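Undergrad: here is a sequence with its predicted model. Questions after.
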Amino acid sequence: MPVSPQGVTVVVLLADPDAPTEIARRMAPELPARLAEKSGQGRRFDVKVVSEPFTAGTEDPHTLMRRIMDRARAENWDIVVALTDLPLHSHGRKLVVDLSHEHGLALLSLPPLGGLRLQTRARRAVEEAVLGLAGARATGDGEPPRDPPPLGPFVGRLAPVHRGPVSEEETADLRYVTTGPRGYLRVLGGMVRANRPWRLVPGLSKALAAALATGAVATVNSTIWSLSQALSVPRLVIAMVGSVVLMIGWLIVDAELWHRAAEVSPEARKRAALYNASTVVTVGIGVLVCYVGLLVVSLVWALFILNDRVFASMTRTPLHGTEYWTLSWFVASIATVGGALGSGLESDEAIRAAAYSKREQERRNSLQDDDGDQPVT
C-alpha cells in the first residue's frame with residue numbers, strides 16, 4: 001500500500017450522493033483529531049470527502065470493493081471508507097461492513113446502523129474501520145486481526161451482528177453481517193430514514209392543496225357538523241384509519257411504488273419484501289404527518305369560522321371544545337381522502353422523488369432498465 005508523505009495517513013470517505021455525502025461531510029472535520037487521539041503513537045490523519053455514485057448499476061459487495069480498490073490505487077489513497085445508504089446483501093445476509101486490510105478498504109452500508117442517532121453511529125463505525133485498517137497498515141502484514149473486537153461501536157449492544165463468510169476470490173478479508181428480526185428492523189429503520197418520509201408532504205403540493213380545499217369546505221358544511229356529532233369515538237377512529245390506509249394504498253398503486261422481484265429465488269423475494277416494507281413505512285409516516293397537519297389546520301379554521309349559534313341551531317348541540325375537536329378530527333379524515341384523490345394529479349416522478357432518496361430512485365430506475373421490471377410501487 002502506498003505511504004503518504006510526511007507520515008500522514010490519507011483517509012478518504014468515498015460517499016454516495018445525498019445522505020451519505022452529508023453524513024461524511026459532517027464527520028470529516030472532527031475525525032483527524034479523534035483518530036489521532038485513539039490511535040496513539042504520534043500518528044496523523046488527513047481526512048477527505050469524495051462524493052460520487054460508486055454504487056451505480058450494482059449492489060454486489062465484491063464488485064463495489066473492486067471499484068473502491070481501483071479508485072484508491074488511481075488516486076494513491078492510503079485508506080478508503082465507502083459509505084452508501086443502499087442495503088447490501090452477501091450470501092443471503094444483510095451486510096454491515098466489508099473490510100480489506102490488505103488494501104486498506106472498507107465498505108459501510110448505513111441502513112444496518114438504524115434510523116436513530118445515525119450520525120453518531122456512522123462516525124463511530126468509520127473510526128473503528130479506519131483504526132483497524134491503519135493498524136494492519138502499520139504492521140505491514142495486511143492481515144485481518146485473528147480476534148477482531150466486537151462491533152458495539154457499529155450498531156449498538158442489541159443488534160445481532162456477527163462475522164459473515166468471505167470467499168477466497170473476494171477483495172474483502174473480514175465481513176460483518178446482521179441477521180434475525182432485530183437486524184431486519186434495524187435495516188428497515190435505516191432504509192426509512194434514508195428515504196426521509198417527512199419530505200413526502202411538501203413534495204406532494206397538488207395532493208396537499210386538494211386536501212386543504214376539501215377540509216375547508218367540509219368545515220362549513222352543516223351535514224358534516226351533524227355527522228361529526230353523531231359518530232362515536234370508535235367510528236371516528238375507523239374513519240381516520242380508513243382514510244390513512246386509503247391514501248397510503250392509493251399513492252403506492254397510482255405511482256407504481258410496489259417492487260416486484262425480477263427473480264423467483266427466495267433471496268430475491270426477501271429483498272423485494274424488505275424494499276416494499278420500507279416503502280409502506282415511508283409513505284405511512286408521510287401520510288400520518290399529513291393527517292396531523294390537516295387536523296391542526298382544520299381545528300384552527302373551525303375556531304376562526306364557526307359561529308356557536310348557527311352550529312347549535314343545526315346540530316342542537318352547543319359548540320364547546322369537545323365539538324371543535326370532534327369536528328376537526330372528522331374533517332381531517334375527509335380531507336385525507338380528498339388528498340388521496342388529488343394525488344392523482346401528481347406525476348409518478350414527483351411522488352417517487354418525494355417518497356425515496358436519490359440513490360433509491362436511481363436503484364429502482366436501474367432495475368427497470370436492466371430487468372424490464374415495472375415495479376408496481
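TA: Received it, and whenever you're ready, just let me know what you need.

Undergrad: tell me, how many residues neighbour residue 32?
TA: Neighbour count of residue 32, defined by other Cβ atoms under 10 Å: 16. Bear in mind the C-beta positions are built from the backbone N, C-alpha and C, glycine included.

Undergrad: what helix or strand does it sit in?
TA: For residue 32, the host element (DSSP states H and E) is helix 31-39.

Undergrad: buried stuff in that helix?
TA: Buried residues in helix 31-39, defined by neighbour count with 16 or more other Cβ atoms under 10 Å: 31, 32, 34, 35, 39.

Undergrad: give the contact list for the third one.
TA: Each residue near residue 34 by Cβ atoms under 8 Å, 6 or more residues apart in numbering is listed here: residue 127.

Undergrad: which pLDDT value goes with it?
TA: According to the prediction, residue 34 has pLDDT 91.

Undergrad: run the chain-centre distance for the helix holding residue 32.
TA: The chain centroid and the centroid of helix 31-39 are separated by 29 Å under Cα atoms, centre = their mean, to the nearest Å.

Undergrad: what lies in contact with the first helix or strand past that helix going along the chain?
TA: Later in the chain than helix 31-39, the nearest helix or strand by DSSP H and E is strand 44-51. The contact list for strand 44-51 (Cβ under 8 Å, 6+ apart) reads 4, 7-17, 21, 24-25, 28, 31-32, 35-36, 39, 130, 134.

Undergrad: now those: which count as buried?
TA: Among the contacts of strand 44-51, those buried by neighbour count (16+ other Cβ under 10 Å) are 4, 9-17, 21, 24, 28, 31-32, 35, 39, 130, 134.

Undergrad: restricted to helices, list the residues you listed.
TA: Among the buried ones among the contacts of strand 44-51, DSSP state H puts 21, 24, 31, 32, 35, 39, 130, 134 in helices.

Undergrad: farthest-apart pair in those, please.
TA: Farthest apart among those by Cβ to Cβ are 21 and 39. That separation is 25.3 Å.

Undergrad: wait, residue 105 sits on residue 99?
TA: Yes. Assessed by Cβ atoms under 8 Å, residue 105 is found in contact with residue 99 at 7.2 Å.

Undergrad: list residues touching both of those two?
TA: Residues touching both residue 105 and residue 99 (Cβ under 8 Å, 6+ apart) are 133, 172.

Undergrad: still on that earlier bit, residue 239: which of the ones in helices among the buried ones among the contacts of strand 44-51 is nearest?
TA: After measuring these against residue 239 - Cβ to Cβ - the closest member comes out as residue 21, at 42.7 Å.

Undergrad: surely the closest one meets residue 15?
TA: Yes. Using Cβ under 8 Å, residue 21 makes contact with residue 15 at a distance of 4.4 Å.

Undergrad: least confident secondary structure element in this structure?
TA: helix 152-155 (a mean of 48; mean pLDDT, DSSP states H and E).

Undergrad: then stretch 185-199 to PDB, C-alphas only?
TA: The C-alpha trace of stretch 185-199 is given here as PDB (Å, rounded to 0.1, in the frame of the first residue of the first chain):
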ATOM      1  CA  LEU A 185     -36.000  -4.000  11.900                       C
ATOM      2  CA  ARG A 186     -32.700  -2.000  12.200                       C
ATOM      3  CA  VAL A 187     -32.100  -2.200   8.500                       C
ATOM      4  CA  LEU A 188     -35.700  -1.300   7.800                       C
ATOM      5  CA  GLY A 189     -35.400   1.700  10.100                       C
ATOM      6  CA  GLY A 190     -32.200   2.800   8.300                       C
ATOM      7  CA  MET A 191     -33.900   2.500   4.900                       C
ATOM      8  CA  VAL A 192     -36.900   4.500   6.000                       C
ATOM      9  CA  ARG A 193     -34.600   7.200   7.400                       C
ATOM     10  CA  ALA A 194     -32.700   7.400   4.200                       C
ATOM     11  CA  ASN A 195     -36.000   8.000   2.300                       C
ATOM     12  CA  ARG A 196     -36.700  10.900   4.600                       C
ATOM     13  CA  PRO A 197     -40.500  10.400   4.900                       C
ATOM     14  CA  TRP A 198     -41.000  13.900   6.300                       C
ATOM     15  CA  ARG A 199     -40.400  15.200   2.700                       C
END
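
Undergrad: and it, average pLDDT?
TA: The pLDDT scores in stretch 185-199 average 86.

Undergrad: tell me the buried residues in it?
TA: For stretch 185-199, burial by neighbour count (16+ other Cβ under 10 Å) applies to 186-197, 199.

Undergrad: what do you get for stretch 230-240?
TA: For stretch 230-240, by 16+ other Cβ under 10 Å, it's 231, 236, 239, 240.

Undergrad: greatest separation within those residues: which pair is it?
TA: Greatest spatial distance among the buried residues of stretch 230-240 (Cβ to Cβ): 231 and 240, at 10.9 Å.

Undergrad: and residue 94, how close does it get to residue 87?
TA: From residue 94 across to residue 87, the span is 6 Å (Cβ to Cβ, to the nearest Å).
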